[in-house]
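Colleague: Fold the following, please.
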Amino acid sequence: MKTDVEELSPTRVRLSVEVTFEELKPSLDKAYKEVAQQARIPGFRPGKVPPRVIDMRIGRGAVLNEAVNDALPEFYTKAVQEADVFVLGQPDVEITKLDDGKELAFTAEVEVRPKFELPDLATLSVTVDNAEVSDEDVDEYLNNLRERFASLKTAQRPAEDGDFTTIDLSASADGELIEDAQATSQSYQIGSGTMLDGLDDALTGLSAGDTATFKSELAGGAAEGQEADITVTVQAVKVKELPELDDDFAQLASEFDTLDELKDDTRKQLERVKKLQQTTQARDKSVEALVDAVDIPLPEKFVEHELLHARENIDNQLVQMRMSKEDYLTSIEKTEEEFDADLVEQSQRSVKVSFVLDELARKENLQVNQAELSYFVADQAQRMGVSPDYFAQQLVQNNQINIAVTEVLRGKAATIVAETAAVTDEAGNAIDVKAEIESLNADVDAMLAAQAAEQAAGAEGDIEVSDLSIDVAGTIAGEVDEDEADEDEADEDVEDDVEDAKD
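Modeller: Alright, predicted model coming up:
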């Protein structure tokens, strides 16, 4: 087989392939057998029809067509390997010559991953947030903790903004009660705005036993959207009472005996969180700096595919959130044209990031082991709210092991960028990202070990983390070695924007 490569553009090539009939013979023999099995010719049993009879009765052309269709995928794969190109998507194939008994020739035009050089990662520099924990940070956390242990105390005074009330609600229109718009003993905090428009104003100043009437548009039921007369009666007015910040509170809210011990542990936890945020920011910013330092021509069809995938993902999320496209655009204060332009830019950026990280993974000869893949599966399963075993089975059933492998490889490549780049915080201190990651991992290992020890001391039959990892690895064992890491489309997640809009 002979293969010539013509570069049509930095992202598209044409492979011209010539194949001798000797190389085509296995597929030709296979085609004769399949036609013979299907043919019904008098005097011959199915599968026993000689090739010369098939040529006479059915035609040599039909057999050639069957053989070429069977052989083309294999010849195309060999041509790609000989040309040493990384193809993206499906090729456009054209048979240019079919000389019976002599030669088969075809061309295949296909998009390819562009060739580019990565800069020296040590030349990259980024600045990240400081990771120091202030006394104010500790106080804020403890005050939030106090909120969780707050109690409601009845107040013998008129209701004020922020108070908690127990109320009865009744809606009527034209003097007739609306049956599905009646409620009793409802809890409501004045100022939260989670019920009817006008309710906050109506409640302010009322004491237990008082009643007020106001007009509002109903938000649900058969009369949804209809304006009605709303009567609200206050059963009780309550205020939130926070526990004192002392040793008793420390014993109530934690495993510590004193407030000082609780504060020390709180500071350590917050430091760990800020260190994690800092390393995550260092990784994200380092990858951004690397991508910005590389000029890569992007394959048009591949970007279009990524854009289509991003649109479908957004549409699906909006359906799940029960939010229209128009409402979403209003919430983010963008026109459809601005939104589309942003989505195109995001898709282009996503493709570029994937190319850069994949090239770095190839250059560094990164590999994925079962432990890393198990951790990825467990992490993604937790994010989705399903069991790791179920998520692993879904990957296998949907032939998406290669996608998981690719994501792990890109994550490892991104970590290498952050560990090699010069990272400083806003105060000018140099950040050793590698040391921080090792420290954080050691903390996680210690935590898991402590949890395992607690489980071992508890009831039998508890599932341990180590067992879970083995189960996940067992589910996907054998699949990783057979599947090559392929290109994956990065999703643009709008869920947080939708939640903010709903709030």
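Colleague: Tell me which stretches of the stretch 51-200 of the chain form strands.
Modeller: 87-99, 103-112, 125-128, 151-154, 164-173, 176-189 (DSSP state E, counting those that start in this stretch).
Colleague: Kindly report the same for the stretch 301-450 of the chain.
Modeller: With DSSP E, counting those that start in this stretch, the ranges of strands along the stretch 301-450 of the chain come out as 422-425.
Colleague: For the chain, which helix extends over the most residues?
Modeller: If you go by DSSP state H, the chain has its longest helix at helix 259-292.
Colleague: Against which helices or strands is that helix packed?
Modeller: Where contact means 3 or more CB pairs under 8 Å, 6 or more residues apart in numbering; DSSP states H and E, helix 259-292 is packed against strand 125-128, helix 135-148, helix 247-253, helix 336-363, helix 401-420, strand 422-425, helix 433-457. Every residue, glycine included, has its C-beta placed from N, CA and C.
Colleague: Report all helices and strands that the third one contacts.
Modeller: With contacts defined as 3+ CB pairs under 8 Å, 6+ apart, the secondary structure elements packing on helix 247-253 are helix 135-148, helix 259-292.
Colleague: Tell me which of those lies nearest to Asp70.
Modeller: Across the helices and strands packed on helix 247-253, Asp70 has its closest neighbour in helix 259-292 (42.3 Å, CB to CB).
Colleague: could you give the mean pLDDT of the closest one?
Modeller: The average pLDDT within helix 259-292 is 95.
Colleague: Just want the angle from it to helix 401-420.
Modeller: With axes from the mean of the first three to the mean of the last three CA atoms, to 10 degrees defining the directions, helix 259-292 sits at 100 degrees from helix 401-420.
Colleague: mind listing what's buried in helix 259-292?
Modeller: Buried residues in helix 259-292, counted by 16 or more other CB atoms under 10 Å: 259, 262-263, 266-267, 270, 272, 274-276, 278-279, 281-283, 285-287, 289-291.
Colleague: now do stretch 204-212
Modeller: Quick answer for stretch 204-212 (16+ other CB under 10 Å): 206, 208, 212.
Colleague: can you tell me which of the residues you listed lies nearest to Ala456?
Modeller: Ala208 (53.8 Å).
Colleague: contacting residues around the closest one?
Modeller: If a contact means CB atoms under 8 Å, 6 or more residues apart in numbering, then Ala208 has 234-237 as its contacts.
Colleague: that's a strand at it, yeah?
Modeller: No. Going by DSSP: H, G, I helix; E, B strand; the rest coil, the assignment for Ala208 is coil, not a strand.
Colleague: Tell me the predicted confidence for it.
Modeller: Per-residue confidence (pLDDT) for Ala208: 94.
Colleague: Need phi/psi at it.
Modeller: The phi/psi pair for Ala208 (degrees, to the nearest 10) reads phi -60, psi 130.
Colleague: Which one of the strands of the stretch 51-200 of the chain lies nearest to His305?
Modeller: It's strand 87-99; of the strands of the stretch 51-200 of the chain, that one is closest to His305 (CB to CB) at 7.0 Å.
Colleague: tell me what the closest one is packed against?
Modeller: With contacts taken as 3+ CB pairs under 8 Å, 6+ apart, strand 87-99 sits against helix 60-83, strand 103-112, helix 300-320.
Colleague: tell me the mean pLDDT over stretch 359-373?
Modeller: On average, stretch 359-373 scores 93.
Colleague: For that stretch, list every residue counted as buried.
Modeller: Under the neighbour-count criterion of 16+ other CB under 10 Å, stretch 359-373 has 359-361, 366, 368, 373 buried.
Colleague: Repeat that for stretch 71-87.
Modeller: Judged by neighbour count using 16+ other CB under 10 Å, the buried positions of stretch 71-87 are 71-72, 75-76, 79-80, 83, 85, 87.
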